[in-house]
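# quick one: sequence and predicted model below, then my questions.
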Amino acid sequence: MIIKQLKLILVSTPIGYLGSGKGGGVELTIVSLLKGLISLGHKIILIAPKGSKLPFDSHLLEIRLIDGVDQPSWQHQKTIDPVLIPFNSVLPKLWEDVIEIADECDAVINFSYDWLPLWLTKTQEIKIFHLISMGAESLIMKEIISEISHLYPFQLAFHSKRQSKDYSLKTDPIIVGNGFDKEDYVFNQNENGPLGWAGRIAPEKGLEDAVKVAKNLGEKLLVWGLIEDKEYASKIENTFKKEIIEWRGFLPTNKFQEQLGRCRALINTPKWNEAYGNVIVESMACGVPVIAYDLGGPGELIEDGFNGFLVKPNDIDGLIKATKSISEIKRKNCRDWFEKKATNKVFAERVENWLDKGLNKKISADFQD
Ligand code: UDP
């Protein structure tokens, strides 16, 4: 531990409870970081929507559950849409709870991609840190993130450089990546399994492109993930022969990794500036190489030819060619990359550095307007 023991409030996503899958990758990020920060000796109070469950317990952890209605997600709104707060919304209630206990704590880490917590940063004495989980999908979010960057440059962090480029920032971005517990993922040596795809079933994830690869190769595609957009999912089902896709559902991490580990490759086909791409790293943790579009986070996680292949966005022929060459990638390279760059211990240490900077560094004159 490089800094003294901290008492931290972690505020979960207001989209679904932890374990529901509605929050996407943020859910696993929170659970992983919690474990990592606790292992470094910090005390955590997690404030999360009612129903949230954690797969572990600790004397350093307190959970406060809050009831209320989910926030609509920004990725499914128009760029110019205003901020929405639904009736009986959980978001303000999560933050009323933060304000109630803030006096007892050293700092808050916010995981929700929402305007309200960013704006509150200007009004509270306690330092609120924001781990920004998406690229810029909305103008008002872009505006408030830029404003907070100018006022409190060390209180924002991003998962990848490419994600941070969506925003106009005062200083170089703080990049913390992401990380997962290595005990939760078993290395699988089998090189001859099926092809897989994992993610929320929603247009920005581009499942149809991976299905086209499986169709071209006359194979099945195993698909894991929460069906967020039913219309989109049935459109894909109706476009391709039923036998091509094998829907595996949304599984808890232990089952997900066990099935994913049997694949010979994961195909990752985002259509947006993917902030990170948890499933890419989870796949590598199991020894499964990844073929992904060179867009956003995936472009920083995959070292072309070492732990997978990068392909030009929307290039189906490129995906097919890479899939045919996948045996050139050593599965051990994938696990090694994960253990070096993306365990939750490494992630928690990067976050600890970030907090240290935000809590202790004076903003120099160069950074002030
Ligand atoms: N996931 C899961 N079970 C499944 C399929 C996916 O728990 O059966 C989780 C996976 O662990 C990952 C998340 O779904 O954390 C998807 O996150 P990703 O960063 O890939 O994309 P996002 O949904 O955040 O855009």
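Looks like it came in fine.
# anything in the longest helix along the chain near the ligand?
Using DSSP state H to define each element, the chain has its longest helix at helix 344-360. No: using C-beta under 6 Å from any ligand atom, helix 344-360 stays clear of the ligand, coming no nearer than 12.4 Å. To be clear about C-beta, it is placed using only N, CA and C from the backbone, and glycine gets the same treatment.
# that helix packs against which elements?
helix 25-39, strand 107-110, strand 127-132 (3 or more C-beta pairs under 8 Å, 6 or more residues apart in numbering; DSSP states H and E).
# can we see that at 10 Å?
helix 25-39, strand 107-110, strand 127-132, strand 156-158, helix 331-341 (3 or more C-beta pairs under 10 Å, 6 or more residues apart in numbering; DSSP states H and E).
# could you point out the helix or strand that follows the third one?
Heading C-terminal from strand 127-132, the first helix or strand you meet, by DSSP states H and E, is helix 139-151.
# what sits up against the helix or strand where Glu96 lies?
Secondary structure from DSSP H and E places Glu96 in helix 90-101. Helix 90-101 is contacted by residues 7, 9-17, 45, 47-50, 62, 64-71, 83-85, 105, 108, 110, 112, 114-117, 120, 123-124, 126, 128 when judged by C-beta atoms under 10 Å, 6 or more residues apart in numbering.
# can you do 7 Å?
Helix 90-101 is contacted from outside by 9, 11, 14, 45, 47, 49, 64, 66, 68-71, 85, 108, 112, 114, 116-117, 120, 124, using C-beta atoms under 7 Å, 6 or more residues apart in numbering.
# give the buried residues for that helix.
Across helix 90-101, burial judged by 16 or more other C-beta atoms under 10 Å covers 90-95, 97-98, 101.
# what does the stretch 1-150 of the chain put close to the ligand?
So the stretch 1-150 of the chain meets the ligand at 24-25, 28 (C-beta under 6 Å from any ligand atom).
# which residue is the nearest non-sequential neighbour of Asn268?
Ala292 (3.8 Å; C-beta to C-beta, 6 or more residues apart in numbering).
# which residues touch the one residue in the stretch 51-200 of the chain that gets nearest to the ligand?
Going by C-beta to the nearest ligand atom, the ligand is nearest to Arg200 of the stretch 51-200 of the chain, at 4.3 Å. Counting by C-beta under 7 Å, 6+ apart, Arg200 touches 24, 225-226, 228.
# okay, the residues you listed in TSV with secondary structure and neighbour count next?
Supplementary listing: the contacts of Arg200 in TSV, determined by DSSP: H, G, I helix; E, B strand; the rest coil; neighbours: other C-beta atoms under 10 Å:
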residue	secondary structure	neighbour count
Gly24	coil	24
Gly225	coil	23
Leu226	coil	17
Glu228	coil	21
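# neighbours around Gly177, how many?
Neighbourhood size, Gly177 [other C-beta atoms under 10 Å]: 19.
# what's the pLDDT at it?
Note on Gly177: pLDDT of 98.
# could you do the one 4 residues further on as well?
Per-residue confidence at Asp181 stands at 97 (pLDDT).
# burial count for the residue lying closest to Phe87 once chain neighbours are set aside?
By the measure of C-beta to C-beta, 6+ apart, the closest residue to Phe87 outside its immediate chain neighbours is Val69, 6.6 Å from it. If you count neighbours by other C-beta under 10 Å, Val69 ends up with 15.
# go ahead and confirm Val69 touches Lys50.
No: applying C-beta atoms under 7 Å as the test, Val69 and Lys50 come out as separate, 11.0 Å apart.
# re earlier: and the contacts of helix 90-101, which are buried?
So, by 16+ other C-beta under 10 Å, the buried ones in the contacts of helix 90-101 are 9, 11, 14, 45, 47, 49, 64, 66, 68, 70-71, 108, 112, 114, 116-117, 120.
# which ones among those map onto helices?
116-117, 120.
# tabulate the residues you listed (a markdown table), appending distance to Asn314.
Formatted as a markdown table, those follow (distance: C-beta to C-beta, whole Å):
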| residue | distance to Asn314 |
| --- | --- |
| Leu116 | 35 |
| Pro117 | 34 |
| Leu120 | 39 |
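# export these to TSV and tack on pLDDT?
What follows is these, written out as TSV (pLDDT from 0 to 100):
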residue	pLDDT
Leu116	98
Pro117	98
Leu120	98
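# contact partners for Glu300?
160-162.
# repeat that for 6 Å
For Glu300, the contacting residues are Ser160, by C-beta atoms under 6 Å, 6 or more residues apart in numbering.
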